[in-house]
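Participant: structure for the following, please:
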Amino acid sequence: MTTNHQVLLDNRPKGEASASNFKLVSTDVPALQEGQVLVRHHFLSLDPYMRGRMNDAKSYADPHPLGTPMIGGTVGEVVESRSPKFSVGDKVVGMGGWQEYSVVEASQFGALRKVDTTHVPLSHYLGAVGMPGVTAWYGLVKIIAPKAGDTVVVSAATGAVGSAYAALAKARGCHVVGIAGGPDKCDYAVKELGFDVCIDYKLHKDAFSLSKSLKDACPKGIDGYFENVGGMVLDAVMLRMNAFGRIAVCGMIAGYDGQPLPMAYPALILSNRLKVEGFIVSEHMEVWPEALNELGTLVGTGKLRPRESVAQGLASAPEAFLGLLKGKNFGKQLVKLI
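Facilitator: Next up, the predicted model:
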């Protein structure tokens, strides 16, 4: 029998997450039943949303069950099939979780999708041409809905979502400003991702200081903002939002350790008649084909050149995930499993 290594959620964090919340185990892959396929994962995606699933708290999704492989997107190859829908050798993307193999019911809608690696590398289907890319597309196109000439901003600018956001916004004729941590990330944002300006938030101790840099970078104010961080960054952006501006709220990584994230200037929502909308991209599957088509074209034509941080081996997943939550990754964070 094939041995499968898994990383389980062993216990729930009390405050900040730690490697001790996870447990590495080995188990045997069960024999396939009719209609099932066995997938050997090549890459595992690490994403900020996973931190919320570790908590036993009310949210948009149920808490992840203890003692089971941690949730996560995967890309890989079908190595055994008892379904006419998939053949051995098919490259696929799914939600295989933190493990080397997964057994998938082929008839389950959306559980597994074939992908073409002719022009798009397999790993990119977990980033720019996957859930993060579609997340950027939905927030920009459906919530911010910019016009040519609008100024749009995104926090966590060099991550998987921010990278795609820049390409999508430039394609729509926007002035695009990123917020990222460190000179290397900001340099990459401008030279490789196409941002017009990138601001290093680490140079600023408070919202007023960051807001002053935003004023210089956004002389016409901010029409649309894609929020990944919260806290001081959101406060700084709020001070520069134009009347009738739109804010797409995707994440609040500054508060993922369980601490509250108060908003300093909520009255600006009223005085500037702002639209502030949170969203979960998995609730909008109807847009995925259109979004993936555009994202795939941007990658295939070289207009989107996503960067990846790759940890080696399943055992590295917990530390790589904790690093992601602290902004240590550069681009999309992956774990290479093969």
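
Participant: what does the helix ranked longest in the chain contact?
Facilitator: Determined from DSSP state H, the single longest helix within the chain is helix 288-300. Residues from elsewhere that reach helix 288-300, judged by CB atoms under 8 Å, 6 or more residues apart in numbering: 119-120, 124, 128-129, 133-134, 137-138, 141, 164, 167-168, 171, 304-306. The C-beta positions use only the backbone N, C-alpha and C, and glycine is treated the same way.

Participant: again, only this time at 10 Å
Facilitator: Identification of contacts with helix 288-300 by CB atoms under 10 Å, 6 or more residues apart in numbering yields 110, 113, 115-116, 118-121, 124-125, 127-138, 140-142, 164, 167-168, 170-171, 281-282, 284, 303-306.

Participant: list the helices and strands the next helix or strand after that helix packs on?
Facilitator: The helix or strand immediately downstream of helix 288-300 is strand 308-312, counting by DSSP states H and E. Packing contacts for strand 308-312, counted by 3 or more CB pairs under 10 Å, 6 or more residues apart in numbering; DSSP states H and E, involve strand 36-45, helix 317-325, strand 332-336.

Participant: so how far is strand 308-312 off the chain centroid?
Facilitator: 15 Å (CA atoms, centre = their mean, to the nearest Å).

Participant: again with stretch 321-338
Facilitator: 11 Å.

Participant: same deal with stretch 259-268?
Facilitator: On the basis of CA atoms, centre = their mean, stretch 259-268 sits 24 Å off its chain's mean C-alpha point.

Participant: let me see the mean pLDDT of it.
Facilitator: Summarised as a single mean, pLDDT over stretch 259-268 is 91.

Participant: can I get the CA coordinates of it in CSV?
Facilitator: C-alpha atoms of stretch 259-268 as CSV (Å, rounded to 0.1, in the frame of the first residue of the first chain):
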residue,chain,number,x,y,z
GLN,A,259,-6.8,40.6,18.7
PRO,A,260,-9.5,43.1,17.9
LEU,A,261,-9.0,45.5,15.0
PRO,A,262,-10.7,48.8,15.8
MET,A,263,-11.3,51.2,12.9
ALA,A,264,-10.1,54.8,13.7
TYR,A,265,-12.3,56.7,11.3
PRO,A,266,-15.6,55.0,10.7
ALA,A,267,-17.4,58.4,10.2
LEU,A,268,-15.6,58.7,6.9
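
Participant: who's in contact with it?
Facilitator: Contacts of stretch 259-268 (CB under 10 Å, 6+ apart): 15-16, 206-208, 229-232, 234-241, 245, 252-255, 269, 271-272, 274, 276.

Participant: again, only using 6 Å
Facilitator: Residues outside stretch 259-268 that contact it (CB atoms under 6 Å, 6 or more residues apart in numbering) are Gly230, Gly231, Asp235, Met238, Met252, Gly255.

Participant: do stretch 117-132 as well
Facilitator: With CB under 6 Å, 6+ apart as the test, stretch 117-132 has contacts from 43, 45, 73, 75, 91, 93, 115, 160-161, 164, 295-296, 299-300, 304, 306, 332, 334.

Participant: tell me the buried residues in stretch 212-223?
Facilitator: Ser213, Leu214, Ala217, Cys218, Ile222, Asp223 (16 or more other CB atoms under 10 Å).

Participant: show me those residues that map onto helices.
Facilitator: Ser213, Leu214, Ala217.

Participant: quick one on the thing from earlier: which one of the helices and strands packed on strand 308-312 lies nearest to Ser59?
Facilitator: helix 317-325 (16.5 Å; CB to CB).

Participant: how big is the angle separating the closest one from strand 36-45?
Facilitator: For helix 317-325 against strand 36-45, the angle by axes from the mean of the first three to the mean of the last three CA atoms, to 10 degrees is 50 degrees.

Participant: follow-up on the earlier one: of the contacts of helix 288-300, which belong to helices?
Facilitator: Met131, Pro132, Gly133, Val134, Thr135, Ala136, Trp137, Ala164, Ala167, Leu168, Lys170.

Participant: check the fourth one and give its pLDDT.
Facilitator: So the one you mean is Val134. On pLDDT, Val134 comes in at 97.

Participant: still on that earlier bit, any of the contacts of helix 288-300 buried? List them.
Facilitator: Buried members of the contacts of helix 288-300, counted by 16+ other CB under 10 Å: 115, 120, 124-125, 127-138, 140-141, 164, 167-168, 170, 281, 304, 306.

Participant: mind putting the ones in helices among the contacts of helix 288-300 into JSON lines with distance to Val7?
Facilitator: Below are the ones in helices among the contacts of helix 288-300 laid out as JSON lines (distance: CB to CB, whole Å):
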{"residue": "Met131", "distance to Val7": "20"}
{"residue": "Pro132", "distance to Val7": "21"}
{"residue": "Gly133", "distance to Val7": "25"}
{"residue": "Val134", "distance to Val7": "25"}
{"residue": "Thr135", "distance to Val7": "24"}
{"residue": "Ala136", "distance to Val7": "27"}
{"residue": "Trp137", "distance to Val7": "30"}
{"residue": "Ala164", "distance to Val7": "27"}
{"residue": "Ala167", "distance to Val7": "32"}
{"residue": "Leu168", "distance to Val7": "33"}
{"residue": "Lys170", "distance to Val7": "37"}
